[in-house]
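K.L.:
Build me a model from this:
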Amino acid sequence: MQQIRALAVLMKTDKTSQFLWFIFLILGVWFSIETVNSTFFGFELAIGTALFGLIIGLVLHKKRNPSELWDSFVDKRSFFRSQRRTTYMFFFLAVVGFLNSYMLVGEPEYLDTEIIEKRISRGKSTSYILAIAPEKLGTLDLKVGEEFWNSQSVGNTLMISVQENIFGLYVVTDYSTANKTLKNSDT
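P.N.:
As a prediction, this is how the structure comes out:
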């Protein structure tokens, strides 16, 4: 009986809602990773945005009336109330992540900063990380390419190009060794 009920619920879900959830899931995760990897205090921004979006989803979402499942294949809730709660979270993560990375204000600033830690992160893929901590900006784990990572050591000085975004946070746009011109970053 439980399997029949589950099958009926799956048959009656809205395909548009599933598509939107999937699209916002991909975009939200993508921009969250980009935010955390390139923005000072990006992790805090991503967590705060996710919580805000989830709260909005909890407030807006309206549960489906169980009797409607058997009477009609049409979802009678409004479009916004019929979305999954997490759809709002992923939507806000995608929008805030996009704004964080691409809505930059002012001119870039060039800062010299020391590499305080050098490490490799192994997961599904290998990431080469240089931890930096400019005085006025805080700390950031800067992901770089393997060749650049191999050419650096703890204590070396990096020149980073940072630009303020519309949230007042600083985004690393470029990096290089302090005695060379800036190259495009691998992030």
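K.L.:
who touches E114 in this structure?
P.N.:
By C-beta atoms under 8 Å, 6 or more residues apart in numbering, E114 lies in contact with I132, A133, G155, N156, T157, L158. Where you see a C-beta, it was placed from the backbone N, CA and C, and this is true even at glycine.
K.L.:
just F167 next, same as before
P.N.:
Contact analysis of F167 by C-beta under 8 Å, 6+ apart lists L45, V96, L99, N100.
K.L.:
who touches the second one in this structure?
P.N.:
Just to be clear, that refers to V96. Here V96 is in contact with F31, T35, L45, A46, T49, F167 (C-beta under 8 Å, 6+ apart).
K.L.:
Any buried residues in the helix or strand where it lies, and which?
P.N.:
Here V96 sits within helix 85-102, counting by DSSP states H and E. Of the residues in helix 85-102, those buried under the neighbour-count criterion (16 or more other C-beta atoms under 10 Å) are 86-97, 100-101.
K.L.:
Dump those to TSV, plus distance to D112 and pLDDT.
P.N.:
Listed next are those as TSV, based on distance: C-beta to C-beta, whole Å; pLDDT from 0 to 100:
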residue	distance to D112	pLDDT
T86	42	83
T87	43	85
Y88	41	87
M89	38	88
F90	38	92
F91	39	92
F92	35	94
L93	33	95
A94	34	96
V95	34	96
V96	30	96
G97	28	95
N100	24	95
S101	23	92
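K.L.:
Using neighbour counts, pick out the buried residues of the strand with the most length in the chain.
P.N.:
The single longest strand within the chain, with elements called by DSSP state E, is strand 104-122. Under the neighbour-count criterion of 16+ other C-beta under 10 Å, strand 104-122 has L104, P108, L111, T113, I115, K118 buried.
K.L.:
State the paired neighbours of that strand in the sheet, together with their directions.
P.N.:
strand 126-132 (antiparallel), strand 157-165 (antiparallel) (DSSP bridges).
K.L.:
what element comes up after the last one heading to the C-terminus?
P.N.:
Right, the one you point to is strand 157-165. Scanning forward in sequence from strand 157-165, with DSSP H and E defining helices and strands, the next element found is strand 170-177.
K.L.:
From the centroid of this protein, which residue is nearest?
P.N.:
Computing the C-alpha centroid of the chain and ranking residues by C-alpha atoms, centre = their mean puts S32 first, at 0.5 Å.
K.L.:
distance of that one from V96?
P.N.:
With distances defined as C-beta to C-beta, to the nearest Å, the gap from S32 to V96 amounts to 9 Å.
K.L.:
Mutual contacts of the two, please.
P.N.:
Taking C-beta under 8 Å, 6+ apart as the criterion, S32 and V96 both touch A46, T49.
K.L.:
for stretch 160-180, the distance to its chain's centre please.
P.N.:
Between the centre of stretch 160-180 and the centre of its host chain there is 18 Å, according to C-alpha atoms, centre = their mean, to the nearest Å.
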